[in-house]
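Engineer: this one's sequence-less:
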């Protein structure tokens, strides 16, 4: 698989014109940790690599965003988190205030390991696949040998973003298969559910993955 056009696949999945400095940084970041990604199985098949690129491209808006965007209007909050912000009056207390919104939405949630006031903001989504929650920062950091819990900003390091994604994809399971194993089967629906928990953005994820896979296949033809 050494002849794969990794750079071309990332550019295709990003759906951005050549010359975009943020996409080029994503390319450079992957190339800098390619050997490690190979050890994690990310390059075992074209499908694994394409699905990882496509999913990361979607979560990061084409490799333009390394951290979760929490700047919402009140109206948008009632649409995105209707169960937490059922009315404009409630939503207005947190609108256009990312730190306050993160702490209200995420802090104190047992499921993601957030324990203290401020954890919601401290452990907000970062990296290409939006690592979120103290428990996830802790477990992913232990897997990578990086103190992500103690220093969550390390999650946005150029190579670390890809390491987090590959580590997650190689271990996170749903219905008995990891993300990479679902990718081998070409099942974008289950890849998305395993990463996202649902199917938010499935159409865009599918398009970006298909573009990345096509670029990889061209390089092997």
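Structural biologist: Cool, the structure landed. Fair warning: this is a prediction, and the values are worked out from it, not measured in the lab.
Engineer: give me the phi and psi for the residue most central in space within the chain.
Structural biologist: Per Cα atoms, centre = their mean, the C-alpha nearest to the average position across the chain is that of residue 129, at 0.8 Å. The phi/psi pair for residue 129 (degrees, to the nearest 10) reads phi -110, psi 20.
Engineer: contacts only, for it.
Structural biologist: For residue 129, the contact set (Cβ atoms under 8 Å, 6 or more residues apart in numbering) comprises 55-56, 59, 164-165, 168, 195. In short, each C-beta sits where N, CA and C put it, glycine included.
Engineer: what segments of this protein are helices?
Structural biologist: Under the criterion DSSP state H, the chain carries helices at the ranges 6-14, 21-32, 34-39, 46-59, 74-80, 88-92, 98-106, 119-122, 134-144, 158-171, 179-184, 188-196, 202-220.
Engineer: okay, domains of this structure per the record?
Structural biologist: Residue ranges of the domains in the chain are recorded as 6-66+157-220, 74-122, according to automatic domain parsing.
Engineer: quick one: closest of these to residue 137.
Structural biologist: Smallest distance to residue 137 across the domains of the chain (Cβ to Cβ): 8.0 Å, for domain 74-122.
Engineer: please compute how far the closest one lies from its chain's middle.
Structural biologist: Here domain 74-122 is found 20 Å from its chain centre; the criterion is Cα atoms, centre = their mean, to the nearest Å.
Engineer: check the separation of the first and last residues in that domain.
Structural biologist: Taking Cα to Cα, to the nearest Å as the measure, domain 74-122 stretches 22 Å from start to finish.
Engineer: ok, now stretch 29-48?
Structural biologist: 18 Å.
Engineer: what average pLDDT does that stretch get?
Structural biologist: In this model, stretch 29-48 has a mean pLDDT of 97.
Engineer: which residues sit against it?
Structural biologist: Outside of stretch 29-48, the residues within contact range by Cβ under 8 Å, 6+ apart are 1, 4, 6-7, 10, 49, 52, 157-159, 161-163, 166-167, 169-170, 180, 183-184, 186, 213, 216-217, 220.
Engineer: in that stretch, what counts as buried?
Structural biologist: Of the residues in stretch 29-48, 29-31, 33, 37, 40-43, 46-48 count as buried by neighbour count, 16 or more other Cβ atoms under 10 Å.
Engineer: do the same with stretch 170-179
Structural biologist: For stretch 170-179, by 16+ other Cβ under 10 Å, it's 170, 177-179.
Engineer: what's the distance between the residue of the chain most remote from its centre and residue 95?
Structural biologist: If you look at how far each residue of the chain sits from its centre, by Cα atoms, centre = their mean, the farthest one is residue 89, at 31.5 Å. Separation of residue 89 from residue 95 (Cβ to Cβ, to the nearest Å) stands at 11 Å.
Engineer: quick check: closest non-adjacent residue to residue 51.
Structural biologist: Nearest residue to residue 51, sequence neighbours excluded (Cβ to Cβ, 6 or more residues apart in numbering): residue 183, at 3.8 Å.
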